[in-house]
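S.K.: below are the sequence and a predicted model; questions follow.
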Amino acid sequence: MEILGNLRLKAGRMIIRRRTSPFRRIRKEFDLEKVRRVGILWDASSEKDFQHLAALNKQLMQAGKSVEVLAWIPGKTVPDRLTGLTYMKFLKPADLNWAFIPTSEDARKFISSDFDLIIDINPGSVFPLTAAVFLSSSPMKVGPDMATEPEKSPYDLMIRTPGPFSTASFIEQAMLYLAMISTPETRA
């Protein structure tokens with residue numbers, strides 16, 4: 001069955017490449033202060049990282065930014081701890097098509113939303129989340145540097161964290177570098 005899964009995944013990557021290849025994203029100057037809408041993609045396979053996601057959400061909300069989270073749930077049910085959060089939508093295996101591309105209503109709304117910034121907290125490179133990043137038209141996409149071929153990455157800013165991936169360290173570094181590239185003195 002793993003061979004079939006690998007073929008489906010390869011087909012999904014090919015479909016994403018075809019969908020995104022004719023489009024060129026317009027890169028604008030990025031200013032974290034001007035960001036109003038933030039989309040966060042989160043691999044909720046490890047529920048212990050929720051506290052870091054909640055802290056990031058609180059930090060962004062206090063800065064006057066609207067936040068929406070699309071969380072990957074690898075099982076059939078959403079953990080009780082995550083239900084009832086108004087800013088969080090869920091993506092489960094049942095919400096994918098045969099090529100592992102998200103097709104649920106929540107995923108389509110997330111992908112088509114006009115986010116000023118997308119932060120992808122996806123250390124396991126879960127393909128449905130990566131596909132959502134590729135399909136989004138957000139002008140700034142941030143994610144972990146886990147790619148063997150960075151030129152094929154969907155991110156504008158890739159963050160490498162030392163040792164085993166730490167969500168807390170990733171978020172801290174992402175916010176630090178986003179603030180750094182926002183200032184006119186440090187822009188390239």
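M.R.: Happy to help now that I have it.

S.K.: distance of the residue nearest the centre of the chain relative to Phe127?
M.R.: Residue closest to the mean C-alpha point of the chain, counted by CA atoms, centre = their mean, is Asp120 at 2.5 Å. Using CB to CB, to the nearest Å, we find Asp120 at a distance of 12 Å from Phe127. (Each C-beta comes from the backbone N, C-alpha and C, glycine too.)

S.K.: likewise Leu96?
M.R.: Distance from Leu96 to Phe127, counting by CB to CB: 9 Å.

S.K.: how about Lys48?
M.R.: Taking CB to CB as the measure, Lys48 falls 23 Å from Phe127.

S.K.: between these two, which is the more surrounded one?
M.R.: It is Phe127, of Lys48 and Phe127, that has more neighbours when counted by other CB atoms under 10 Å, with 20 against 7.

S.K.: correct me, but the more buried one touches Ile15?
M.R.: No: using CB atoms under 8 Å, Phe127 makes no contact with Ile15, being 11.1 Å away.

S.K.: pull the longest helix from the protein.
M.R.: Taking DSSP state H as the assignment, the helix of the chain that covers the most residues is helix 2-20.

S.K.: contacting residues for Val142?
M.R.: Counting by CB atoms under 8 Å, 6 or more residues apart in numbering, Val142 touches Leu117, Ile118, Ile119, Asp120, Tyr155, Asp156, Leu157, Met158, Ile159, Ala174, Leu178.

S.K.: who does the second one bridge with?
M.R.: Put plainly, it is Ile118. Per DSSP bridges, the residues bridged to Ile118 are Gly39, Lys141.

S.K.: what helix or strand is Val67 located in?
M.R.: strand 66-72 (DSSP states H and E).
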